[in-house]
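Chemist: Let me see the structure of the following:
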Amino acid sequence: MGTRPRKIRRLQPKKPDQNKTAAEIVSELRRDTATADSGYREQSLKIHGLICAKCGREFDFKNRNLLTVHHKDGNRLNNPPDGSNWENLCVYCHEDEHSRGLLGDYLRGKR
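Modeler: You can find the predicted model right below:
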């Protein structure tokens, strides 16, 4: 059984306001990204706890920055409030999860 490549929608950048400086635009983008990411990340950490769903490593408040949120369907815009599309993965397991397709393609000679 073959796997189909996932379609991931990219966010379309906003057109910059002509009256804003570059520093203001960068500041606004950082603020918007931090707000969007922290919302579902914090929610996922509360729902699923400070533990990696793949390797079982436990985290505390000192090293919780090593715990990331993985979107099961590959769409980072799909953030249901019940957390059904999220799983908390440590950075190592998250990298492994996203590199599996690349390795498979390489071994099959597609890249």
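Chemist: those strands in this protein, which residues are they?
Modeler: Per DSSP state E, the chain carries strands over the ranges 67-71, 86-90.
Chemist: In its sheet, which strands sit next to the first one, and in what direction?
Modeler: To tie it back to what came earlier, the one meant is strand 67-71. For strand 67-71, the paired strands and their directions (DSSP bridges) are strand 86-90 (antiparallel).
Chemist: list the helices and strands the longest helix anywhere in the chain packs on?
Modeler: In the chain, with assignment by DSSP state H, the single longest helix is helix 22-48. Packing partners of helix 22-48 (3 or more C-beta pairs under 8 Å, 6 or more residues apart in numbering; DSSP states H and E): strand 67-71, strand 86-90. Bear in mind the C-beta positions are built from the backbone N, C-alpha and C, glycine included.
Chemist: Ser44 is in contact with Pro81, correct?
Modeler: No: Pro81 is not in contact with Ser44 according to C-beta atoms under 8 Å; the separation is 10.6 Å.
Chemist: Which one's more surrounded, those two?
Modeler: Neighbour comparison, Pro81 and Ser44: the larger count goes to Ser44, with 21 against 8 (by other C-beta atoms under 10 Å).
Chemist: circling back to that earlier point, tell me the most buried of the helices and strands packed on helix 22-48?
Modeler: Comparing the helices and strands packed on helix 22-48 by mean neighbour count (mean count of other C-beta atoms under 10 Å), strand 86-90 ranks first with a mean of 22.
Chemist: what comes up buried for the longest helix of the chain?
Modeler: Within helix 22-48, the residues that qualify as buried are 40-41, 43-45, 48, counting by 16 or more other C-beta atoms under 10 Å.
Chemist: Do me a favour and average the pLDDT over that helix.
Modeler: For helix 22-48, the mean per-residue pLDDT is 77.
Chemist: just to revisit the earlier point, want to throw the buried residues of helix 22-48 into CSV with distance to Tyr106?
Modeler: Formatted as CSV, the buried residues of helix 22-48 follow (distance: C-beta to C-beta, whole Å):
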residue, distance to Tyr106
Tyr40, 31
Arg41, 31
Gln43, 35
Ser44, 31
Leu45, 33
His48, 32
